[in-house]
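Peer 1: got a sequence here, can you build the structure:
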Amino acid sequence: MSAAEGPLVVGVDTSTQSTKALVVDASTGRVVASGQAPHTVSAGAGRESDPRQWWDALCEALHQCGDAAREAAAVSIGGQQHGLVTLDARGEPVRPALLWNDVRSAPQAARLVEELGGPKAWAERTGSVPGPSFTVTKWAWLAENEPDAIRATKAVRLPHDYLTERLTGQGTTDRGDASGTGWWASATEAYDAETLAHVGLDPALLPRVVRPGEVAGTVRDGHDLPFSKGTLVAPGTGDNAAAALGLGLRPGTPVLSLGTSGTVYAVSKRRPADPTGTVAGFADAHGDWLPLACTLNCTLAVDRVAALLGLDREAVEPVDPASGVTLLPYLDGERTPALPGASGLLHGLRHDTTGGQLLQAAYDGAVHALLGALDLVLDEDADRSTPLLLIGGGARGKAWQDTVRRLSGRPVQIPEAKELVALGAAAQAAGLLTGEDPAAVARRWNTTAGPVLDAVERDEATMARISGVLSDAAPLLDRPAG
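Peer 2: Numbering: from 1, shown residues only. This next block holds a predicted model:
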């Protein structure tokens, strides 16, 4: 390992399926070491993980980083949003965490929206209309289905909170991740007493919300990590807010992230409040806002279609824009559009339809909802010619790139930097040492550098065809989650 120019920091991404750690030179942004370890997610109706696996994976990922991790001066955790972690009096999980893509709480989500004033009231108070991904709905589901677990719970955390607390011994969160719970009010930037009382959640069970740039704590003794006692710990944040930091986003630049879920977002100076529920009015990690639309079905759903067809994921063939086959890949229910009970739907299948066309239709269906939400995410005065930043695991796939370009009609930039969630967390840790805005740190690291693909004419016919099929099929798709 060559000598670093500045102090070393660690950024962590604890995602749905694995935990990744990067050791980064705070001066240059150079990644000097990395590690990764998997964790498991349950199959079936629910999506659950044991939080202790996240800790074990963090330990393994950091040990893979070797001596570089021991030299780190600060660390920050970025993590999957919304997950409900319930801890007992000893700090041990009461039960496995309910993850963001567990949609069993759809009935509770609908009931909470109705009982607390309807969509407009929710949007004005919390910035978002909660769907089954939101933590508040998962708490309501748990109270209804596992009251013994509720009684045993002495602390409620999000995934990144859980790991940060195991590092520091203190229960903390940040505004970015807290804004995805449904019980943090964006209008007041505080926990909402009315919501908490309604769902029977004592605010004393919740973590303290640490301000941007504040030290959340220091690494304590008695752990199995290669950190020195007293290493600074940053607030951490949710994965999308961490990726926004990692890109050094300025207001008005749109991002489309292709991962297990698909997301489209942009930084805004204006507090979002979309009463339709399409756009979640999240806070970002450094004082602004991060309006965001999210789908449950993205790269994994398309890969599953490819596997069913026995095709490589790149083996797509053109689909007739006006009359071709349409595939809505809602294999896990869907969040955008709000169809938690939906399953995949295929329309327009004919004798001459090829497997490659079916696969392209899956790509089109996955991208359609994200691009449909893009105009709602961006401020009205945003420059529509600004390149769309394409990130996530799918961003380097040619079929994904071509589909996004064709359906968006925008230039597309593909940052060469990888692991943007972990890089954003590292920038947050670096900001503790330098006093800089973490987004400015990332801009200094030039994390968005990468090829720009020119705009092509937008395929309006395909977008209209998919919208028409979706509208016509709504009664079939809009069924309660089973």
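Peer 1: show me where the stretch 301-450 of the chain has helices.
Peer 2: Remark: helices assigned in the stretch 301-450 of the chain by DSSP state H, counting those that start in this stretch are 355-377, 398-408, 420-434, 438-445.
Peer 1: could I have stretch 330-345 exported to PDB, CA atoms only?
Peer 2: The C-alpha trace of stretch 330-345 is given here as PDB (Å, rounded to 0.1, in the frame of the first residue of the first chain):
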ATOM      1  CA  TYR A 330     -43.700  -6.300 -10.400                       C
ATOM      2  CA  LEU A 331     -42.400  -9.500  -8.900                       C
ATOM      3  CA  ASP A 332     -42.200  -8.300  -5.300                       C
ATOM      4  CA  GLY A 333     -45.300  -6.100  -5.400                       C
ATOM      5  CA  GLU A 334     -44.600  -2.500  -6.300                       C
ATOM      6  CA  ARG A 335     -44.000   0.900  -4.500                       C
ATOM      7  CA  THR A 336     -44.000   3.200  -7.600                       C
ATOM      8  CA  PRO A 337     -46.800   2.800  -8.700                       C
ATOM      9  CA  ALA A 338     -48.300   2.000  -5.300                       C
ATOM     10  CA  LEU A 339     -49.300  -1.600  -5.900                       C
ATOM     11  CA  PRO A 340     -48.000  -3.600  -3.000                       C
ATOM     12  CA  GLY A 341     -50.100  -6.700  -3.900                       C
ATOM     13  CA  ALA A 342     -49.200  -6.700  -7.500                       C
ATOM     14  CA  SER A 343     -47.300  -9.500  -9.400                       C
ATOM     15  CA  GLY A 344     -45.700  -9.400 -12.800                       C
ATOM     16  CA  LEU A 345     -47.900  -8.900 -15.800                       C
END
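Peer 1: residues making contact with it?
Peer 2: 101, 103, 106, 109, 131-133, 261, 277-278, 293-297, 300-301, 304, 326-329, 369-370, 373, 469-470, 473, 476-482 (Cβ atoms under 8 Å, 6 or more residues apart in numbering). Quick note: C-beta positions are derived from backbone N, CA and C, even for glycine.
Peer 1: buried ones from those, can you make that a PyMOL selection?
Peer 2: The buried residues among those can be selected in PyMOL (16 or more other Cβ atoms under 10 Å) with this line:
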select buried, resi 101+103+106+109+131+132+133+261+277+278+293+294+295+296+297+300+301+304+326+327+328+329+369+370+373+469+470+473+477+481
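Peer 1: follow-up on the earlier one: among the helices of the stretch 301-450 of the chain, which is the most enclosed?
Peer 2: Greatest average neighbour count among these goes to helix 420-434 (a mean of 30), per mean count of other Cβ atoms under 10 Å.
Peer 1: circling back: for R95, which of the helices of the stretch 301-450 of the chain is the nearest?
Peer 2: Comparing those against R95 with Cβ to Cβ, the closest turns out to be helix 420-434 (26.0 Å).
Peer 1: quick one: that closest one to helix 438-445, angle?
Peer 2: If you take axes from the mean of the first three to the mean of the last three Cα atoms, to 10 degrees, helix 420-434 sits at 100 degrees to helix 438-445.
Peer 1: next one: helix 420-434 to chain centre, how far?
Peer 2: The chain centre lies 17 Å from the centre of helix 420-434; the measure is Cα atoms, centre = their mean, to the nearest Å.
Peer 1: then stretch 81-94?
Peer 2: Distance of stretch 81-94 from the chain centroid (Cα atoms, centre = their mean) equals 20 Å.
Peer 1: just for the stretch 1-150 of the chain, where's the confidence low?
Peer 2: By pLDDT under 70, the weakly predicted segments of the stretch 1-150 of the chain are 1-3.
Peer 1: can you show me the strands along it?
Peer 2: Under the criterion DSSP state E, counting those that start in this stretch, strands of the stretch 1-150 of the chain are mapped to 8-14, 18-25, 31-38, 48-49, 72-79, 85-87, 97-98.
Peer 1: indicate which one of those is closest to E114.
Peer 2: Nearest of the strands of the stretch 1-150 of the chain (Cβ to Cβ): strand 97-98, 21.7 Å.
Peer 1: which other helices and strands does the closest one contact?
Peer 2: With contacts defined as 3 or more Cβ pairs under 8 Å, 6 or more residues apart in numbering; DSSP states H and E, the packing partners of strand 97-98 are strand 48-49, helix 135-145.
Peer 1: most tightly packed of the ones you listed?
Peer 2: helix 135-145 (a mean of 23).
Peer 1: ok, the closest residue to V452 other than its chain neighbours - contacts?
Peer 2: Of all residues not flanking V452 in the chain, Q413 sits nearest, at 4.7 Å (Cβ to Cβ, 6 or more residues apart in numbering). Applying Cβ under 8 Å, 6+ apart, we find Q413 in contact with P387, L388, L389, L390, T448, G450, P451, V452, L453.
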